[in-house]
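Engineer: Got a predicted model here, sequence first, then my questions.
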Amino acid sequence: MSEGLEGVVAARTVLSDVDGQNGRLVIRGYALDELAGRVSFEDVAHLLFDGFFEAGPADFRPALGAARARVFAEVAALDEGLAGRDPVEAVRALVARLPDGDDLATALALVAAPAVFTPAVLRVRAGLAPVAPDPALSHAADVLRMLRGAPASDAEAEALDTYLVTVCDHGLNASTFAARVVASTWAGLTSSVLAGLSALKGPLHGGAPGPVIEMLDAIGTAANARPWIETALDRGDRLMGFGHRIYRVRDPRADALKRAVRRLAETTNTAPGRLALAEGVEAAALAILRQRKPDRPLDTNVEFYTALLLEALGLPPAAFTCVFAMGRVAGWIAHAREQRLGGKLIRPQSVYVGPLPRAAA
Ligand code: ACO
């Protein structure tokens with residue numbers, strides 16, 4: 001038995017490869033650096049879907065734009081009570097309104113869903129009316145426009161696009177595994193995406209970037225980083241944004257996102273002091289973790305610079321996990337289709353350690 005299925009190989013995939021020893025991520029034959037900041041989210045979603053549906057659209061971008069416009073109808077079901085819940089719960093409730101299915105139309109609606117529902121939830125929470133999608137825009141530019149009610153700059157749209165590409169797929173992580181388990185029962189893509197979203201919510205997976213912001217705010221200055229971190233670790237806390245099940249070296253996505261934050265700061269003058277603080281906290285955290293856990297390499301993961309990038313784009317920490325889902329949903333769907341087309345029912349066994357029945361008198 002392997003606790004947490006650590007080291008267990010549970011699927012064969014053509015979608016992505018996470019090389020934890022060398023810090024390398026490959027997505028359908030491309031290294032992450034060949035994709036992040038170079039191709040659009042629409043291109044990478046198209047790449048992930050290739051071969052998993054009977055007929056793909058000739059041009060993915062307008063098809064996804066039309067899907068955004070279609071799913072916006074569900075926003076009518078968003079009342080203040082639902083919008084007041086954790087944004088992941090509100091978005092999940094709206095996604096659950098979409099019918100199950102295994103075809104491309106269902107897949108496009110599911111890719112569109114978190115991108116349309118998240119801005120609507122945030123606006124209703126703020127007492128504002130939701131903004132309808134503009135199918136002519138890129139996915140990333142439209143998300144920021146729906147959020148703000150005004151167009152974003154090219155630099156901001158590019159930064160969000162880079163983020164969505166960076167997180168689109170990542171081997172058999174917890175949410176993708178959850179999506180594949182559901183797909184293995186032939187339940188349908190909406191069911192798989194709901195499973196993925198639910199697994200992503202937890203702070204050990206996609207829920208970490210919000211707490212990264214809380215940590216940076218609590219630390220305040222680079223000089224305070226060491227004492228704050230030492231105290232947190234003495235208390236038994238984990239440092240959010242550090243450590244990974246597979247990577248034993250730095251998560252390559254952290255560097256892709258750090259570059260994107262830096263580019264955004266240069267072109268938009270967004271919080272340069274914040275980046276310096278984050279770098280100070282990162283350096284202190286890595287030094288202390290190395291000292292305290294010499295046998296367990298713990299390095300920066302994707303969530304640390306995710307927090308900085310999404311904050312610089314004006315997104316509230318409460319919505320960070322939903323924005324992660326906007327990118328990862330493409331991976332969940334491709335994995336669910338791969339599982340459905342070539343996989344077997346996923347049904348492991350457990351070891352019973354409870355009491356045995358008493359022998360019948
Ligand atoms: N801070 C402090 N200590 C840590 C951290 C951390 N971030 N991560 C692991 N450790 C310690 C554990 O306490 C444990 O110590 P012990 O052996 O003395 O008990 C040891 O390192 C091994 O930890 P495990 O929990 O066995 O490692 P696992 O592979 O299960 O955990 C995980 C990976 C969950 C990501 C973990 O590193 C963590 O909790 N990180 C913080 C949360 C986080 O950043 N999550 C986002 C991950 S990226 C993603 O999913 C998109």
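Structural biologist: Thanks, I have it.

Engineer: Please enumerate the strands of the stretch 1-150 of the chain.
Structural biologist: The residue ranges that make up the strands of the stretch 1-150 of the chain, judged by DSSP state E, counting those that start in this stretch, are 16-19, 24-27, 30-31.

Engineer: Ok, which of these comes nearest the ligand?
Structural biologist: Taking Cβ to the nearest ligand atom as the criterion, strand 16-19 is the member of the strands of the stretch 1-150 of the chain that comes nearest to the ligand, at 11.0 Å. Just so you know, the C-beta spots here come from the backbone N, C-alpha and C atoms, and that holds for glycine as well.

Engineer: tally of neighbours for the closest residue to the ligand within the chain?
Structural biologist: Among the residues of the chain, residue 243 lies closest to the ligand, at 2.2 Å counting by Cβ to the nearest ligand atom. Residue 243 has 20 neighbours, counted by other Cβ atoms under 10 Å.

Engineer: separation between residue 280 and residue 120?
Structural biologist: Residue 280 sits 37 Å away from residue 120, going by Cβ to Cβ, to the nearest Å.

Engineer: Look at the two and report which has more neighbours.
Structural biologist: Taking residue 280 and residue 120 together and counting by other Cβ under 10 Å, residue 120 has the greater number of neighbours (26 against 18).

Engineer: Apart from its neighbours in sequence, what residue is nearest that one?
Structural biologist: Here the nearest residue to residue 120 in space, its sequence neighbours aside, is residue 130; by Cβ to Cβ, 6 or more residues apart in numbering that works out to 3.8 Å.

Engineer: which residues touch residue 196?
Structural biologist: Listed by Cβ atoms under 8 Å, 6 or more residues apart in numbering, the contact partners of residue 196 are 175-176, 178-179, 325, 328-329, 332.

Engineer: Chain neighbours aside, what residue packs nearest to residue 136?
Structural biologist: In this structure, residue 136 finds its nearest non-sequential neighbour in residue 65, 6.4 Å apart by Cβ to Cβ, 6+ apart.

Engineer: how many neighbours does that neighbour have?
Structural biologist: Using other Cβ under 10 Å, residue 65 has 22 other residues around it.

Engineer: returning to what we had before: mean neighbour count and mean pLDDT added to the strands of the stretch 1-150 of the chain, as TSV?
Structural biologist: Supplementary listing: the strands of the stretch 1-150 of the chain in TSV, determined by neighbours: other Cβ atoms under 10 Å; pLDDT from 0 to 100:
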stretch	mean neighbour count	mean pLDDT
strand 16-19	18	96
strand 24-27	20	97
strand 30-31	14	98
